[in-house]
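**Student:** give the three-dimensional model of this entry:
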Amino acid sequence: MESLTKSYPWVKRKKAYWIWLNTVGRLIATICRLRVFGRENIPENGKVLLVANHRSYLDPPLVAYAVKKRPVFFMAKSELFDMPVLGSLIKLWGNAFPVKRGKADLKALKTALEILEKEELVCIFPEGQRSPAGKFVRPKWGAGMVALKAKVPIVPCLIEGSEKLIGKEKLFSGVPKVSISFGKPFYIDLEDSKENYQKAADILMEKIKELRKWK
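**Tutor:** All right, here's what the predicted structure looks like:
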């Protein structure tokens, strides 16, 4: 099976992804009492950039399970790939690639664009970190850079309630009841220039926040 990137050959469409989604993903979704709104807004195929807020380390499996109908490829913090068991599992599932936080990781951004070129769906968390419960933090400009360079449909995704498990402030703060909402695809009408990357990232976050009104 062909690799989706030159840098990370384990990133492929794999059967292991679906096994993981229907076992581990399903279990996490059940524990979190996941409710999904607007799944029909996600295109069935073709290039898609999914942008979501970030409240918990469980957000990636929850988003993958909420999307369900096609594989989701994630950026994940690079430290996870160095962990003895988890790092191997991530590579086995084949749906994540590392990003170094606290700096402009151009390699990770380029990898996201490579995967999109293969007609896949990539999910990024523009905030680049978990935000406190009920809050948002300002997005990183790198998310805007991906959006402007990719020029693909962008689907906003709002995650609420996941912070009760492995959130930023506490590992456990109650029984979670998570909702994930997907908005309609949109494009950003800005020139691809360094000056516009932060503007584009801010637009991504505003689109995510707008989903609070939609519910």
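**Student:** could I get the CA-only coordinates of the helix or strand Tyr65 falls within as CSV?
**Tutor:** Here Tyr65 sits within helix 59-67, counting by DSSP states H and E. Extracted in CSV, the C-alpha atoms of helix 59-67 (Å, rounded to 0.1, in the frame of the first residue of the first chain):
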residue,chain,number,x,y,z
ASP,A,59,-10.3,14.5,21.1
PRO,A,60,-8.5,12.7,18.2
PRO,A,61,-10.3,9.3,18.7
LEU,A,62,-13.6,11.1,19.4
VAL,A,63,-13.3,13.1,16.2
ALA,A,64,-12.3,10.0,14.2
TYR,A,65,-15.3,8.1,15.6
ALA,A,66,-17.6,11.1,14.9
VAL,A,67,-16.5,11.3,11.3
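**Student:** residues touching that helix, excluding its own?
**Tutor:** The contact list for helix 59-67 (Cβ atoms under 8 Å, 6 or more residues apart in numbering) reads 21, 24-26, 28-29, 32, 34, 36, 39, 42, 50, 52, 56, 71-72, 74, 76, 95-96, 121, 123, 125, 157, 159, 162, 178, 180, 182. For every residue, glycine as well, the C-beta is placed using N, CA and C.
**Student:** buried stuff in the helix or strand that it is followed by?
**Tutor:** The element immediately downstream of helix 59-67 (helix or strand, assigned by DSSP H and E) is strand 72-77. Neighbour-count burial for strand 72-77, counted by 16 or more other Cβ atoms under 10 Å, picks out 72-76.
**Student:** what about strand 72-77, average pLDDT?
**Tutor:** For strand 72-77, mean pLDDT rounds to 92.
**Student:** and it, what does it pack against?
**Tutor:** Applying 3 or more Cβ pairs under 8 Å, 6 or more residues apart in numbering; DSSP states H and E, one finds that strand 72-77 contacts helix 59-67, strand 96-99, helix 106-117, strand 121-124.
**Student:** other SSEs contacting the helix ranked longest in the chain?
**Tutor:** In the chain, taking DSSP state H as the definition, the longest helix is helix 194-214. Contact analysis of helix 194-214 by 3+ Cβ pairs under 8 Å, 6+ apart lists strand 48-52, helix 141-150, strand 154-160 as its packing neighbours.
**Student:** this completes my enquiry, with thanks.
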